[in-house]
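K.L.:
Make a model of this:
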Amino acid sequence: MSGDTFRVYALCYARRDGRRGQHFHGYDERWNEPHPTAYYVWLAVSDRHTIVVDAGISPDQVHRLAGIDYRSSPVTLLADMGVAADSVDHVVLTHLHNDHTGTAAAFTNARYVVQRPELEYWTGPWARRIERERWLVSNDDLAHLRAAGDRLRLVDGDADVVPGLSVHLVGGHTAGTQVVRIRTARGHVVLASDAAHFYENLETDRPFAILHSMTGMYGAFDRIKELADGPDLIVAGHDPEVLERFPCLSGPFRDRIARIA
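P.N.:
Numbering: from 1, shown residues only. The predicted structure is shown next:
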C-alpha cells in the first residue's frame with residue numbers, strides 16, 4: 001500500500017436539539033420527535049501532513065443557527081490539541097454550506113480543496129435565484145475562497161490531495177459535495193460529512209431533508225460504502241453517535257474529541 005498512514009479525529013465543537021422532521025426527507029409519524037445533532041470538524045495527521053476537513057462555524061456566524069450550543073471555535077479546539085492553525089497544510093471543504101466554511105480564513109498557510117461544481121454552483125446564477133438556499137452559505141467565506149489564488153485547488157471528481165488521502169465527488173446534498181477517504185492503520189476511513197448526516201441515513205437508505213438531488217443522495221450512500229474498508233470505518237457528518245461509536249480522548253476532551261483510527 002502506498003501513501004501516508006494517518007491518525008484521524010472527530011472534533012465536536014457544537015450541538016443542537018433538532019427534530020426528526022428537520023433531518024429526514026419526507027414526512028413520517030415521528031417527525032416531531034427530538035433528534036439531536038452535533039457539529040464536527042475532522043483532523044487527519046501523518047508524519048508529513050496536518051489536514052483539516054471542514055472548518056465549522058465561526059463565532060460571528062453562530063446567530064444564524066437557532067438553538068445551537070456553541071462550545072468552542074473549531075480553531076480553538078484544534079489549538080487545545082496542540083494543532084496551531086498556521087501548521088495546517090490543507091483544508092478540505094466537503095461543501096460550501098456555512099457550517100463547514102466558517103473558520104477557513106484562519107488557516108493562513110493551508111491550501112483549500114473544493115470541488116469545482118460546488119464553487120460554480122454557489123457563485124453562479126441558480127443559487128442566486130433560489131432564496132431558500134441563500135441562508136446556507138456565507139458570502140464572506142465564498143469571497144475569501146475566490147481570492148485565495150494559488151491556495152485554492154479546484155478538483156473535478158476524484159483526486160488525491162496527498163498520498164493516503166483522497167476526495168471523491170458524490171453530490172446529492174449539494175451540487176459538489178465530496179467525501180474524504182483516508183488511509184489509517186485500521187484501513188480506509190471515509191468521512192461522509194453531509195453526504196450522510198446520520199448513520200440512520202445510510203442504514204435506512206433515507207436522505208437528509210436538504211438536498212440538491214435525490215438520486216445523487218442515494219448514489220452517495222453507495223459510494224461511501226464502496227470507499228470505506230468496512231461499515232465501522234464510516235464517519236457520519238452530524239451524528240452524536242460518532243462520540244459513542246469511536247473512543248473519546250480523556251480529560252478535557254471527553255465527549256468532545258473521538259479518535260477514529
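
K.L.:
Do a quick rundown of the strands in the chain.
P.N.:
Counting by DSSP state E, residue ranges of the strands within the chain are 7-19, 34-45, 50-53, 68-70, 90-92, 111-115, 152-155, 159-162, 165-169, 178-184, 187-193, 234-236, 257-259.

K.L.:
Rebuild the ones you listed as JSON lines, extending it with mean pLDDT and mean neighbour count.
P.N.:
Placement of C-beta: from N, CA and C, glycine included. Supplementary listing: those in JSON lines, determined by pLDDT from 0 to 100; neighbours: other CB atoms under 10 Å:
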{"stretch": "strand 7-19", "mean pLDDT": "94", "mean neighbour count": "20"}
{"stretch": "strand 34-45", "mean pLDDT": "94", "mean neighbour count": "21"}
{"stretch": "strand 50-53", "mean pLDDT": "98", "mean neighbour count": "25"}
{"stretch": "strand 68-70", "mean pLDDT": "93", "mean neighbour count": "16"}
{"stretch": "strand 90-92", "mean pLDDT": "98", "mean neighbour count": "24"}
{"stretch": "strand 111-115", "mean pLDDT": "98", "mean neighbour count": "23"}
{"stretch": "strand 152-155", "mean pLDDT": "98", "mean neighbour count": "17"}
{"stretch": "strand 159-162", "mean pLDDT": "98", "mean neighbour count": "17"}
{"stretch": "strand 165-169", "mean pLDDT": "98", "mean neighbour count": "22"}
{"stretch": "strand 178-184", "mean pLDDT": "98", "mean neighbour count": "25"}
{"stretch": "strand 187-193", "mean pLDDT": "98", "mean neighbour count": "24"}
{"stretch": "strand 234-236", "mean pLDDT": "98", "mean neighbour count": "25"}
{"stretch": "strand 257-259", "mean pLDDT": "98", "mean neighbour count": "20"}
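
K.L.:
can you redo those as TSV with distance to residue 125?
P.N.:
Shown next, in TSV, are those (distance: least, CB to CB, whole Å):
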stretch	distance to residue 125
strand 7-19	31
strand 34-45	30
strand 50-53	29
strand 68-70	31
strand 90-92	27
strand 111-115	18
strand 152-155	19
strand 159-162	26
strand 165-169	21
strand 178-184	22
strand 187-193	26
strand 234-236	33
strand 257-259	41
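
K.L.:
what sits against the closest residue to residue 152 other than its chain neighbours?
P.N.:
Leaving aside its chain neighbours, residue 152 sits nearest to residue 112 (5.0 Å; criterion: CB to CB, 6 or more residues apart in numbering). Going by CB atoms under 8 Å, 6 or more residues apart in numbering, residue 112 touches 90, 91, 92, 93, 104, 145, 148, 151, 152, 153.

K.L.:
Residue 21: which of those is nearest?
P.N.:
The shortest separation between residue 21 and any of the contacts of residue 112 is 27.8 Å, and it belongs to residue 93 (by CB to CB).
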